[in-house]
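Asks: A predicted structure for the sequence below; I have some questions about it.
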Amino acid sequence: MEIILIFISGVLAIFVAGYILSSFFRWKKRHEIVLHFEKYMTLLQYFMSKAYDIIHKDRILIYSIEAMKISESEFSTISYDYAKLVIKLMGPNIFEDFIFYYGNQDTLIFNLVEYFNLRYEDDEVRNAALENLTQSDQGEESIQNG
């Protein structure tokens, strides 16, 4: 009976020590991310920007050239492809760091997709404004020449 109690207390002690070590390493990881927040965000910005440039060139530019609007389903697919590309560019270790930072993978992907959507909308607004400006400049030139 004593041997069983000693065994159980030993197993329990190992479990508690493992839990304490695990908690310490989680705290240390969280502390590192908070301490180097700007570096992590700069890195994330780099990956998101690079992925946007690639996706824009490969998947969106053709719609702009042909003056076509992207369908909602195609845009949704492109958004998630963008998130997958960002994750691929990060690599598994940095990806795990960002999952840890954001709390879970779904939240990280949600933020990546939101970044893509906002950047795409900003580009569309900029292009529309540029097109309107170009058209109004051409209209003024024709009035002055006419």
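Replies: Arrived safely, thanks for sending. Numbers count the residues shown, from 1 in each chain.
Asks: mind checking the SS state of the most centrally placed residue in the chain?
Replies: The chain has Leu112 as the residue nearest its centroid, 2.8 Å off, counting by CA atoms, centre = their mean. Following DSSP: H, G, I helix; E, B strand; the rest coil, the label given to Leu112 is helix.
Asks: repeat for Met68
Replies: Applying three-state DSSP: Met68 is coil.
Asks: related to what we said a few turns ago, before we move on, what's the pLDDT of the residue nearest to the centre of the chain?
Replies: pLDDT recorded at Leu112 is 96.
Asks: Also the one 10 residues further on?
Replies: What the model reports for Asp122 is a pLDDT of 83.
Asks: got it, and the one 5 residues further on?
Replies: According to the prediction, Asn127 has pLDDT 68.
Asks: Now do the helix or strand Ser79 falls within: which elements does it pack against?
Replies: Using DSSP states H and E, Ser79 maps to helix 72-90. Applying 3 or more CB pairs under 8 Å, 6 or more residues apart in numbering; DSSP states H and E, one finds that helix 72-90 contacts helix 37-55, helix 105-145. Glycine gets a C-beta too; all of them are placed from N, C-alpha and C.
Asks: among these, which gets the worst mean confidence?
Replies: helix 105-145 (a mean of 76).
Asks: Quick check: buried residues in the host helix or strand of Val11?
Replies: Per DSSP H and E, Val11 falls inside helix 2-35. Residues of helix 2-35 classed as buried by neighbour count (16 or more other CB atoms under 10 Å): none.
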